[in-house]
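Trainee: My questions concern the predicted model and sequence given below.
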Amino acid sequence: MTPILPTIQFPADLKSKTLEQLQQLADEIRRFIIDVVSVNGGHLGASLGVVELTIALHYVFDTPVDKLVWDVGHQAYVHKILTGRKADFETNRQKNGLSGFPKISESEYDAFGVGHSSTSISAALGMAIASKLKGENDIQHVAVIGDASIASGMAFEALNHAGVTNANLIVVLNDNAIGIDPSVGALKSYLMQVKQGENPKSNNMIKSLNFKYVGPIDGHDLKALIHELQRLKAKSGPQFLHITTTKGKGLKQAEENQVLYHAPGKFDKITGDLLENNTQKFTKYQDVFGLTLLELAQQNPKIFAITPAMPTGSSLKYMMDQFPERAIDVGIAEQHAVTLAAGISLGGFTVFCAIYSTFLQRAYDQLIHDVALQSIPVIFCIDRAGLVGEDGATHQGVFDIAYLQAIPNLTILAPKDAVELRQTLFTLQNNSKPVAIRYPRGYSSVENWKVSFEKIDLSKIQLIKRGKKAAVFSTGTILENVLEALSFDEDYFAVHHFLQIKPLNKTEIVELISGFETIITVEEGVIKGGFGSVINQIILANNINIKVINLGVPDVFIEHATVNEQLKQCGLDVEFMQNLFKKVQNV
């Protein structure tokens, strides 16, 4: 057969194709995505599951005039391929290449930038309301959201509002029973009943929100999809299309192991088998957390753990498998997770809340109002703190030090390595105040981290290297780069590690600073409002005349690239720091 994909540059090219040609195109796009992602990595399963849906949407609707908003956006690879970015798709998630998520500045077809869940309905509804006000009554607005994301509070808030408007909004529910991990909660059970025909349509909860409900229909049936979307396009007001799909459709391993093949890394494009990564022999930080917490839970029946939809990503799965009654996934509901943790803590349990740095942002009010204000001792285990690499600006964990600094009653900790993370978790079992522990994505540099438990002094400022003229104040695992950068130095630079970022012992810091000519602060977080800024405040408040240099993430959003490339962009790589240290020494 003559290939169809080379003839498609933009959605308009789809309009002249027959149904048979569109079905052939679906197969070709799947193969194209598999070929590229097998080499470059990226989000595989989600995009394979929406190939027919994406073709149908662009075939039926007049994008970019009609607005198409993807929830989360890791399923938008097909969308990018069909909207003028096929030739650049090999640069996906690479520095200066395509973003792994829809992005307004990248294409006029990306109606809204996304990366976090449950934003699509609100954004599309806002655009629909604006269109109505401008008299653009023929423009349609489509939000594509997964069953895991629609369970989030923000999605329900948007549905609740949309139902009392006359906005031209079509919500497409891509129901595949899985986000990154399998979906959880009562809504999942309800949708399962609907799919099995057990729930009468007269008892449809979507209809009760004043949406016109259609479904469920097979999301891989192009003919049915096109028919329903054409019918909905001709109508006005809020409408809801429920489709069922298979995540990883078209690759046997991705269908059978949907969690692993969500973002599998490199794999054999023919067999689908994962390629072994022999470059890392050490343990991921998330596993140091997860395995340590399991050990503690085996010894301490009062330990309870919560994650909002990240049991595998946070490695809480280890504890969930052994203690399902004490380790739970609450779904994509960060706000609920934080306040739930507070409630369970008041019941006498030691609660560990495992959550990515970028997602904890979504529960800021709950951190302040429901935990810190009442000084409830929830332990926040902040995974993916710091620079995260190819996921880019929407997922960077660089703001947490700054946004947590402003909250009273909250202790902030940043261990320097896997052993210190392990001992910190052990020490915090009897903690009486809220605390946040931040640790990075990726692998520990310590091979034998599973040492015997012992309590440590969390507030102690650790002298790592002695020096006479300048002092480096470092926090977290970026200390490794600091020490490597100072491999040339004998006794000019002292190095101190701050496991505890907040509160700081101001008197001790003033004493440490005395006698030095220069202080350099280093953190893998934003400079504004971060660890270094607090050191600056202490110096100013005590009228100390000393040169201070703050190293960290500058006041820009750091786009997708490798972590090493991002460290270099921020001046946190070994080469930059070494050049800076030598310059300070030679002044």
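Mentor: In hand now; what should we look at?
Trainee: What is the least confident helix or strand in this structure?
Mentor: One helix or strand of the chain scores below all others by mean pLDDT, DSSP states H and E: helix 186-195, with a mean of 77.
Trainee: Need the residues that contact the longest helix that the chain contains.
Mentor: When the chain is parsed with DSSP state H, its longest helix is helix 19-40. For helix 19-40, the external contacting residues (CB atoms under 8 Å, 6 or more residues apart in numbering) are 1, 3-5, 8, 14, 17, 42-44, 47-48, 51-52, 55, 59, 77-78, 81-82, 86, 89-90, 92-94, 222-223, 226, 249-251, 266-269. Glycine gets a C-beta too; all of them are placed from N, C-alpha and C.
Trainee: run the last query once more with 6 Å
Mentor: Applying CB atoms under 6 Å, 6 or more residues apart in numbering, the contact partners of helix 19-40 are 4-5, 44, 47-48, 51-52, 55, 77-78, 89-90, 222-223, 250-251, 267, 269.
Trainee: Strands of the stretch 201-350 of the chain, residue ranges please.
Mentor: Ranges of strands in the stretch 201-350 of the chain, per DSSP state E, counting those that start in this stretch, are 212-218, 239-244, 303-307, 327-329, 350-356.
Trainee: Please point out which parts of the shortest one sit buried.
Mentor: Neighbour-count burial for strand 327-329, counted by 16 or more other CB atoms under 10 Å, picks out 327-329.
Trainee: now the first one
Mentor: Under the neighbour-count criterion of 16+ other CB under 10 Å, strand 212-218 has 213-216 buried.
Trainee: can you pull the buried residues of the least confident helix or strand of the chain?
Mentor: For helix 186-195, by 16+ other CB under 10 Å, it's 187-188, 191, 194.
Trainee: between that helix and strand 212-218, how big is the angle?
Mentor: Interaxial angle, helix 186-195 versus strand 212-218 (axes from the mean of the first three to the mean of the last three CA atoms, to 10 degrees): 80 degrees.
Trainee: Give the phi and psi angles for the one residue sitting closest to the centre of the chain, as a check.
Mentor: Taking CA atoms, centre = their mean, the centroid of the chain lies closest to residue 395, which sits 4.6 Å from it. Note on residue 395: backbone dihedrals following degrees, to the nearest 10 are phi -120, psi 0.
Trainee: The one 3 residues further on now?
Mentor: Dihedral pair for residue 398: phi -100, psi 0, per degrees, to the nearest 10.
Trainee: any idea how far residue 462 is from it?
Mentor: 23 Å (CB to CB, to the nearest Å).
Trainee: Who has more neighbours out of these two?
Mentor: Neighbours were counted for residue 398 and for residue 462 using other CB atoms under 10 Å; residue 398 has more, 26 against 15.
Trainee: how much space between residue 1 and residue 48?
Mentor: Taking CB to CB, one finds residue 1 at 21 Å from residue 48.
Trainee: ignore the last one, residue 84
Mentor: Distance from residue 84 to residue 48, by CB to CB: 21 Å.
Trainee: What is the longest strand along the chain packed up against?
Mentor: Using DSSP state E to assign secondary structure, the strand with the most residues in the chain is strand 518-526. If you count contacts as 3 or more CB pairs under 6 Å, 6 or more residues apart in numbering; DSSP states H and E, strand 518-526 packs onto strand 470-474, helix 531-541, strand 547-553.
Trainee: so can I have CSV of the buried residues of helix 186-195 showing distance to residue 294?
Mentor: Listed next are the buried residues of helix 186-195 as CSV, based on distance: CB to CB, whole Å:
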residue, distance to residue 294
187, 29
188, 26
191, 32
194, 36
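Trainee: Just name the closest of the residues you listed to residue 449, please.
Mentor: residue 188 (36.1 Å; CB to CB).
Trainee: Please enumerate the helices of the stretch 251-400 of the chain.
Mentor: Along the stretch 251-400 of the chain, the segments classed as helices by DSSP state H, counting those that start in this stretch run 252-256, 285-299, 317-322, 334-346, 357-360, 364-366, 400-405.
Trainee: Quick one: list the elements packing against the second one.
Mentor: Pointing back at helix 285-299 there. helix 317-322, helix 418-427.
Trainee: so where's the chain uncertain?
Mentor: Along the chain, segments meeting pLDDT under 70 span 197-203, 276-281.
Trainee: 50 - rerun?
Mentor: 278 (pLDDT under 50).
Trainee: Give me the domain ranges for it.
Mentor: Taking automatic domain parsing as the reference, the chain has its domains at 52-247, 285-438, 462-586.
Trainee: Looking at these, which one is packed in the most?
Mentor: domain 285-438 (a mean of 21; mean count of other CB atoms under 10 Å).
Trainee: Just the CA atoms of stretch 530-543, as PDB, please.
Mentor: The C-alpha coordinates for stretch 530-543 follow below in PDB (Å, rounded to 0.1, in the frame of the first residue of the first chain):
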ATOM      1  CA  GLY A 530      15.500  30.000  48.400                       C
ATOM      2  CA  PHE A 531      18.100  28.800  50.800                       C
ATOM      3  CA  GLY A 532      20.700  31.400  49.700                       C
ATOM      4  CA  SER A 533      18.300  34.300  50.100                       C
ATOM      5  CA  VAL A 534      17.700  33.300  53.800                       C
ATOM      6  CA  ILE A 535      21.500  33.300  54.300                       C
ATOM      7  CA  ASN A 536      21.600  36.800  52.700                       C
ATOM      8  CA  GLN A 537      18.900  38.000  55.100                       C
ATOM      9  CA  ILE A 538      20.900  36.700  58.100                       C
ATOM     10  CA  ILE A 539      24.100  38.500  56.900                       C
ATOM     11  CA  LEU A 540      22.200  41.800  56.300                       C
ATOM     12  CA  ALA A 541      20.400  41.600  59.600                       C
ATOM     13  CA  ASN A 542      23.700  41.300  61.400                       C
ATOM     14  CA  ASN A 543      25.500  44.000  59.400                       C
END
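Trainee: Next up, the contacts around residue 108.
Mentor: Residue 108 touches residue 64, counting by CB under 6 Å, 6+ apart.
Trainee: likewise residue 115?
Mentor: So residue 115 contacts 73, 101, 394 (CB under 6 Å, 6+ apart).
Trainee: coming back round to it: just send the buried residues of strand 327-329 back as a markdown table, with distance to residue 292 too.
Mentor: Listed next are those as a markdown table, based on distance: CB to CB, whole Å:
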| residue | distance to residue 292 |
| --- | --- |
| 327 | 13 |
| 328 | 19 |
| 329 | 19 |
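Trainee: wait, which of those residues is closest to residue 245?
Mentor: Of the buried residues of strand 327-329, the one sitting nearest to residue 245 (CB to CB) turns out to be residue 329, at 21.7 Å.
Trainee: Against residue 311, how distant is that closest one?
Mentor: Where residue 311 is concerned, residue 329 sits at a distance of 5 Å (CB to CB).
Trainee: Kindly report the same for residue 512.
Mentor: Counting by CB to CB, the gap from residue 512 to residue 311 is 41 Å.
Trainee: just residue 266 next, same as before
Mentor: 24 Å.
Trainee: what secondary structure does the residue lying closest to residue 542 once chain neighbours are set aside sit in?
Mentor: Excluding the flanking residues, the one nearest residue 542 by CB to CB, 6 or more residues apart in numbering is residue 510, at 5.3 Å. Here residue 510 is recorded as helix under DSSP: H, G, I helix; E, B strand; the rest coil.
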